[in-house]
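In: predicted model and sequence below, questions to follow.
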Amino acid sequence: LLNDNHDVIEVLLACWQIGAIPVLIPSGATASEITQFIDNSHTQLLITQWDFEDSIREIDVQFHFFEELSQGLGGCGIPHYSGIQSDEDLCLILFTSGTTGSPKSVQLTQKNLLESASQWHEQLQFRQDDVYLNFLPIHHIGGISIFIRSLVYGFKTIQLNSFDESKILKSIEEYSVSLISLVPTMLNRIIKMDNYNFLKSLRGIILSGGPSCDELMNICIVEELPIYKSYGMTETASGVCGFWLHKNTKKFKSVGQSFEKTNLKIKDGILWVNGPSIMIGYVDDDIIDEWFNTGDYANIDEDGFIYIEMRREDRIVTG
């Protein structure tokens, strides 16, 4: 439970080094939500900052406070690596967000994360000179998956702790950013401030996280912005389908075609997903056998393009 993305990343990597399973808790969570997250994931140790002392005071869990990590100053190395032994091992727990019921604890394996990174590489063709600006919440799959892709493919990420249009535009120019991920609300706000100049300098703008209105899509088409539109969720370790908007402008209402190793089908009007990036299952729930029910209402056209008609009721879009 940490405020700074760099701290989250450092502790995450440390957990993997010693074979501990990191559980990423949203820093904006209330005291009651934090209690739910800890209970639902069976968390044994909470690593946090003094800022959260009041929020966790009544929670029955062992906790460790720190004020500041000594980044870049070295430290005590472990005597041997005792981390993940198999790509089927559980290596990360993240939470869904919902308006009904308790948040669910999503269990992801090393295979899930690596396969997701690989499928994104097939779509975006990562280069070592890429610079990916990342300001999506690091405790959500959108933010942490970008960092994991950078580990696998060796490109640079610039980590910001929050969405700020002016900081984003400054970072694009200062660091020669080539890739960025946005939800539609963010893209709309940047367009209003930037007037397309910095956005056109990017080689890819990955757009996901909720429906895009026709007006926004038409602007992107007319201005020839490098939009890659996609759809995914925590349970699928990020995206499972997508497309470059400029290659299929008539399909702008769609979220694209399925990734190569991912299978999609419609059953009773609901989208089901099968593939190597699908989670093990929720904590304390059944293991997913083959197909995962997204709960999202959708249809697939004759060209294999997926159209999301309505997101499931227990999910909120936080853009």
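Out: Received it, and whenever you're ready, just let me know what you need.

In: only C-alpha atoms for contact and neighbour calcs from this point on.
Out: Fine.

In: what lies in contact with the longest strand out of those in the chain?
Out: In the chain, assigned by DSSP state E, the strand with the most residues is strand 292-300. If you take C-alpha atoms under 8 Å, 6 or more residues apart in numbering as the criterion, strand 292-300 is touched by 265-266, 269-274, 278, 306-312.

In: residue nearest the centroid of this structure?
Out: The chain has Gly142 as the residue nearest its centroid, 1.5 Å off, counting by C-alpha atoms, centre = their mean.

In: is it in contact with Phe135, as I believe?
Out: No. Applying C-alpha atoms under 8 Å, one finds Gly142 not in contact with Phe135, separated by 9.3 Å.

In: can you give me the helices in the stretch 51-200 of the chain?
Out: 53-56, 110-124, 141-153, 165-174, 184-194 (DSSP state H, counting those that start in this stretch).

In: make a markdown table out of those and add distance to Thr96.
Out: Below are those laid out as a markdown table (distance: least, C-alpha to C-alpha, whole Å):
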| stretch | distance to Thr96 |
| --- | --- |
| helix 53-56 | 20 |
| helix 110-124 | 17 |
| helix 141-153 | 10 |
| helix 165-174 | 26 |
| helix 184-194 | 20 |
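
In: want to throw the ones you listed into TSV with mean pLDDT?
Out: Below are these laid out as TSV (pLDDT from 0 to 100):
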stretch	mean pLDDT
helix 53-56	89
helix 110-124	97
helix 141-153	96
helix 165-174	94
helix 184-194	92
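
In: coming back round to it: may I see the ChimeraX selection of the buried members of the contacts of strand 292-300?
Out: Here is the ChimeraX command that picks out the buried ones among those, judged by 16 or more other C-alpha atoms under 10 Å:
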select :265,266,270,271,272,273,274,278,306,307,308,311
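
In: so what's Ile205 up against?
Out: Per C-alpha under 8 Å, 6+ apart, neighbours of Ile205: Leu179, Ile180, Ser181, Leu182, Leu199, Leu225, Pro226, Ile227, Tyr228.

In: which stretch of helix or strand covers it?
Out: Assessed by DSSP states H and E, Ile205 sits inside strand 204-207.

In: next SSE after that strand?
Out: Downstream of strand 204-207 (by DSSP H and E), the next one is helix 214-222.

In: show the average pLDDT along the helix or strand that comes right after that next one.
Out: Per DSSP H and E, the first helix or strand lying C-terminal to helix 214-222 is strand 227-233. The average pLDDT within strand 227-233 is 97.

In: which strands border strand 227-233, and is each parallel or antiparallel?
Out: Partners of strand 227-233 in the sheet, by DSSP bridges, are strand 204-207 (parallel), strand 238-244 (antiparallel).

In: residues contacting it, please?
Out: For strand 227-233, contacts defined as C-alpha under 8 Å, 6+ apart pick out 141, 204-209, 220, 238-246, 255-256.

In: change it to 6 Å
Out: With contact meaning C-alpha atoms under 6 Å, 6 or more residues apart in numbering, strand 227-233 is reached by 205-208, 238-245, 255.

In: with stretch 207-226 instead?
Out: So stretch 207-226 is contacted by Leu182, Val183, Pro184, Lys200, Gly204, Ile205, Tyr228, Lys229, Ser230, Tyr231 (C-alpha under 6 Å, 6+ apart).
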